[in-house]
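Quick one: sequence plus predicted model below, questions after.
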Amino acid sequence: MVEASAYTDKVMEHFFNPRNVGEIEDPDGVGRVGNPVCGDVMKMEIKVKDGRIADIKFMTFGCGAAIATSSIVTEMVKGKTLEEAMAVDNRQVASALGGLPPAKLHCSNLAADALHKAIEDYRSRAKPAG
Amino acid sequence: MVEASAYTDKVMEHFFNPRNVGEIEDPDGVGRVGNPVCGDVMKMEIKVKDGRIADIKFMTFGCGAAIATSSIVTEMVKGKTLEEAMAVDNRQVASALGGLPPAKLHCSNLAADALHKAIEDYRSRAKPAG
Amino acid sequence: MREVYLDHAATTPVHPEVAEVVHAHLVDAYGNPSSLHRFGRRARSAVEQARERVARALAAEPEEIVFTSGGTEADNLAIRGVARRAGSGHIITSQIEHHAVLHTCEALETEGFAVTYLPVDAQGRVKPEDVAAAIREDTILVSIMAANNEVGTIEPLAAIGAICRRRGVLLHSDAVQAFGQLPLDVGALNVDLMSISAHKVYGPKGIGALYVRRGIRLTPLMYGGGHERRRRPGTENVPGIVGLGMATEIALRELPDRPQAMAAVRDQLIRGIGETIPDVVLNGDPVDRLPNNVNFCFRYVEGESILLALDSKGIAASSGSACTSGALEPSHVLVAMGLPHDLAQGSVRFSVGRGTTAGDIDYVLGVLGPAIDRLRKMSPLYAERAGGGPRAGGTSLEG
Amino acid sequence: MREVYLDHAATTPVHPEVAEVVHAHLVDAYGNPSSLHRFGRRARSAVEQARERVARALAAEPEEIVFTSGGTEADNLAIRGVARRAGSGHIITSQIEHHAVLHTCEALETEGFAVTYLPVDAQGRVKPEDVAAAIREDTILVSIMAANNEVGTIEPLAAIGAICRRRGVLLHSDAVQAFGQLPLDVGALNVDLMSISAHKVYGPKGIGALYVRRGIRLTPLMYGGGHERRRRPGTENVPGIVGLGMATEIALRELPDRPQAMAAVRDQLIRGIGETIPDVVLNGDPVDRLPNNVNFCFRYVEGESILLALDSKGIAASSGSACTSGALEPSHVLVAMGLPHDLAQGSVRFSVGRGTTAGDIDYVLGVLGPAIDRLRKMSPLYAERAGGGPRAGGTSLEG
Ligand SMILES: Cc1ncc(COP(=O)(O)O)c(C=O)c1O
Ligand SMILES: Cc1ncc(COP(=O)(O)O)c(C=O)c1O
């Protein structure tokens, strides 16, 4: 159990109204991180157009922090270039939410990792098979 | 400190209205027990007539139990023969008061001892000096 | 907003009669029970009356009751007290005990004691024959809870007590959850030490008691004045003790009816969840179960997110034990019962109370289904449930 | 009958505002602070507000405050916690500490620790130079109280703190009696650990706190949940904690005036006794003395009998520490100060409070003189005082 009043209003707002939930028909890149045995699982799917993230959707199994971080990261990077998106890290995600409880800082804050995986996946597909 | 409500009503009654307090002018026997360093000091003085305790008075430095046991023992033995008085022991004194708190059973319950000392003192005086 | 408190296993609302006597004793019986004077005597007699009430509820003698600051201290005093007194030896407990028992045992292991942590079956029950088999020459104590706080399973305490008595080994039982819900008779159960806590039975927090069978000597946890017959120093928590006494009295008075009434709403909730939400698993024993406990795993979703969703509708429940903070690990109880970690992550405990109504349960059922539904729609595990693996791309990373 | 409570050093009446917030939190903020939901959050924020209040009163940070079940537990946690963490070493304390400190140190001696019990002067004061001289290579802790509970002497804590800081030794102070009566600033005093207890400052019994300077690691007394930053497990005593917070707030608010007001009635009583009763001795320091403390030896009479006489007139006082029960020995504090045992037997402590009036003192003075007189008339020691020995016959027997 987390300590009470651990979450900021911003976390709660994203938890209750998550942006960009779902899956993308025929995504250009998919990133999946986490493991149900350890806690949270996040999946990010992206559509890329002109080197920018044209669309992004997530699916998350996890606690409030996991869902809120997933949601806000999609908002943060939509329309950004892939380079800009790769530069977003979990620390920035946490601070965009007004902070996370200490216990949640690591385990449930994997959204940027999932995003990066999705971008890497896109890039690896874009490359000719080596 | 003793535990609260440790004393019976009878103890309190004797503490507040002790019988036979004081000293006897020219006593036939005197018993003094205890030691201020250890707690209580009791002094019993008796007048003996026809082998009986014709008068008895006490002086006590000590706690409530010490004063009450001194008082009741004088009441118990006044008019009794010396043999009867010698048979009174501290256990009987305590039960005549309706009992004493455990912590008080030994240290502050010396009244019978003081009485016995007074009787012995009387007897030693009565005997021709050996 | 409607508020429905279904976290009575974490703590209970204080009964108004209890709050009243606590307040009265704060104001009127403020003396120190160790003091000789009338203020002290008033406090002393309030404490001793409470002691008699607690003793009566356990079929014990007043002098066998030691007041503590709660269930945790009672558990620590029992186990550490016996162990330190013995000096060395072997302790038997179970894998599903409260952390107050488990972590005390673990600390004693670092101090040279041997500890066996018995497994439990899929319902969370300790097998008496496992206790019998684990007893060694040097076993000094068995500690098995009366009922589990997470899944509500009632342990076969009488059978374990009979074994311990026969083998001459002391038995402690953490009855913090069972007290007030099950009749407890330390004589009939052959229990030598038993922990209870007031705040689980509509009493105040910060006060509990340990039953210590006459003749058992414990090394105290703390040193100071000679309070509680030299077993627990410190000025007595008079209002707390009086509150525990009153809560005990009320529990005893209501014991013929309260458990059945709670079991009725409990069963309404169990039935309702089973009928309206797919892919759920009831944890704990379906029959030998505390009358207040409902514990479900909701597949494909995580427990805390369910709690947040419920909380936003005024419903209070718990995932796992409320006493373990900051932990992202699944409940040690569910893991000991053999649940896979991912399933255990989705467990939620609803614990009803004496004030819970059928209407409360209807309200909860109306909220819960849609909440689970919404979360499952977000869950990649739910989306993948048919295929059994990731739909496309990506690899798994240890989180 | 008129009742005059002059035993505030044993415990204080709960302030009505405190009783009110305790009651309110029993009824309304009954959640478990560890719980995620709104009931838990309400309780958590009440606890954290109280922690801030206590911290502010000591000029400490909130995370440096650990709530305990009282002063006794705070003392035990500080001393045992430091000692067990260190594993071995030497502890310095004084002969006039509360039993919660002394008996903890004695227990640690049986566990292999070395302890120096410093003597005090005739006023009950520890000499800072004695502390300095006693510090060894392996000294792990000094524990000196801020003010003595029996005779009220204020210890030179700042001087001792400076020595300990210079020598790199941790300093614990039992400030249970000083808190609320003297300004306490853990930074200025260089104190690393400080114990307080709510019931001495018009708060509820069964709750206290230990200040633990940031960075100091303690081995806990008990094991269980991760409460109080892993320093003290168990469901938080929310109403008690809130009560301590409120009592602290009131004490802080009244600190500019309360001590002077109490000192005025204290001095009225000291003067009155000195003027009306012969053969008395004021114990403790006449100047560096807690504003609430009056402690006299009445020659030739025994303390308990005085208390009984006062009690029968509704007056509550104490002989020695209220925390030592069943003891017929004279106060260890008076003995350490060099009083002969027989004189020490006749000591009575009157401790005034924020509600004590000049009229109360007049009433006490009217009762006390005749009571002492009556008891002296019964006392063989009084009768013998001129001659200096038994008047006749009889011998002395060890009692
Ligand atoms: C089974 C069990 N044991 C012990 C405890 C600890 O009790 P307390 O919170 O009073 O310390 C609890 C509850 O927290 C419990 O459920
Ligand atoms: C100086 C001192 N330390 C410690 C204590 C113990 O505090 P508590 O009774 O809250 O355990 C007391 C009072 O009893 C005291 O006066």
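Here it is on my side, so go on. Numbering: from 1, shown residues only, chains lettered A, B, ... in the order given. Ligands and ions are numbered 1, 2, ... in the order given.

so how far is residue D:25 from the residue nearest the centre of chain A?
When C-alpha atoms, centre = their mean is applied to chain A, the residue found nearest the centroid is residue A:111 (3.0 Å). Residue A:111 sits 39 Å away from residue D:25, taking C-beta to C-beta, to the nearest Å as the criterion. (Each C-beta comes from the backbone N, C-alpha and C, glycine too.)

Ok, residue C:339 next?
Using C-beta to C-beta, residue C:339 is found at 37 Å from residue D:25.

Pick out whichever of the two has more residues nearby.
More crowded of residue C:339 and residue D:25, by other C-beta atoms under 10 Å in any protein chain shown: residue D:25, with 26 against 21.

so that one is in which element?
helix D:16-28 (DSSP states H and E).

In contact with residue 85: list those residues for me.
Because you didn't say which chain, this covers chain A. A:53, A:77, A:115, A:116, A:119 (C-beta atoms under 8 Å, 6 or more residues apart in numbering or on different chains).

wrong chain, I was asking about chain C
Residue C:85 neighbours (C-beta under 8 Å, 6+ apart): C:217, C:218, C:219.

What residues sit buried inside the helix or strand containing it?
Following DSSP H and E, one finds residue C:85 within helix C:71-86. By neighbour count on 16 or more other C-beta atoms under 10 Å in any protein chain shown, the buried set for helix C:71-86 is C:71-84, C:86.

moving C-terminal of that helix, what's the next helix or strand?
strand C:90-94.

and the helix holding residue C:85, does that touch ligand 2?
No - counting by C-beta under 6 Å from any ligand atom, ligand 2 has no neighbours in helix C:71-86; the shortest distance is 13.3 Å.

send the alpha carbons of that helix over as PDB?
C-alpha atoms of helix C:71-86 as PDB (Å, rounded to 0.1, in the frame of the first residue of the first chain):
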ATOM      1  CA  GLY C  71      -1.600  -5.500  18.400                       C
ATOM      2  CA  THR C  72       2.000  -5.000  17.100                       C
ATOM      3  CA  GLU C  73       3.400  -4.600  20.600                       C
ATOM      4  CA  ALA C  74       1.400  -7.500  21.900                       C
ATOM      5  CA  ASP C  75       2.800  -9.700  19.200                       C
ATOM      6  CA  ASN C  76       6.300  -8.500  19.800                       C
ATOM      7  CA  LEU C  77       6.000  -8.900  23.600                       C
ATOM      8  CA  ALA C  78       4.700 -12.400  23.200                       C
ATOM      9  CA  ILE C  79       7.300 -13.700  20.800                       C
ATOM     10  CA  ARG C  80      10.400 -11.700  21.800                       C
ATOM     11  CA  GLY C  81       9.400 -12.000  25.400                       C
ATOM     12  CA  VAL C  82       9.300 -15.800  25.300                       C
ATOM     13  CA  ALA C  83      12.400 -16.100  23.100                       C
ATOM     14  CA  ARG C  84      14.500 -13.700  25.200                       C
ATOM     15  CA  ARG C  85      13.500 -15.400  28.300                       C
ATOM     16  CA  ALA C  86      14.400 -18.800  26.900                       C
END
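
what's the average pLDDT for it?
For helix C:71-86, mean pLDDT is 98.

now swap in stretch A:11-18 and tell me
The model assigns stretch A:11-18 a mean pLDDT of 96.

Could you list the buried residues of that stretch?
A:11, A:12, A:13, A:14, A:15, A:18.

contact partners of that stretch?
Contacts for stretch A:11-18 (C-beta under 8 Å, 6+ apart): A:7, A:58, A:64-65, A:67-68, A:70-72, A:97-98, A:100, C:305, C:308, C:312, C:378.

farthest pair in those?
Farthest-apart pair in the contacts of stretch A:11-18 is A:98 and C:378; separation 21.6 Å (C-beta to C-beta).

And the strands in chain C, which stretches?
Secondary structure of chain C (DSSP state E): strands at C:4-5, C:65-68, C:90-94, C:114-118, C:139-143, C:170-174, C:193-197, C:208-212, C:280-282, C:293-298, C:315-316, C:347-351.

same question but for chain A, I mixed them up
Ranges of strands in chain A, per DSSP E, are A:29-34, A:41-49, A:52-61.

Switch these over to TSV, and while doing so, append distance to residue D:382 and mean neighbour count to every line.
Below are these laid out as TSV (distance: least, C-beta to C-beta, whole Å; neighbours: other C-beta atoms under 10 Å in any protein chain shown):
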stretch	distance to residue D:382	mean neighbour count
strand A:29-34	86	25
strand A:41-49	87	26
strand A:52-61	86	23
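
closest one to chain D among the ones you listed?
Nearest of these to chain D, taken as C-beta to the nearest C-beta: strand A:52-61 at 18.2 Å.

and the closest one, what does it pack onto?
Secondary-structure packing of strand A:52-61 (3 or more C-beta pairs under 8 Å, 6 or more residues apart in numbering or on different chains; DSSP states H and E): strand A:41-49, helix A:64-77, helix A:82-87, helix A:111-126, helix C:358-378, helix C:380-383.

where does residue A:30 land on pLDDT?
Here, the pLDDT recorded for residue A:30 equals 97.

coming back round to it: what about the buried residues of stretch A:11-18, which are in helices?
Those of the buried residues of stretch A:11-18 mapping onto helices are A:11, A:12, A:13, A:14, A:15, per DSSP state H.

Excluding chain neighbours, give the residue nearest to residue A:122 in space.
Nearest non-adjacent residue to residue A:122, counting by C-beta to C-beta, 6 or more residues apart in numbering or on different chains: residue A:29, 3.0 Å away.

Sketch out the low-pLDDT regions of chain A for me.
Chain A contains residues with pLDDT under 70 at A:1-5, A:38, A:107, A:128-130.
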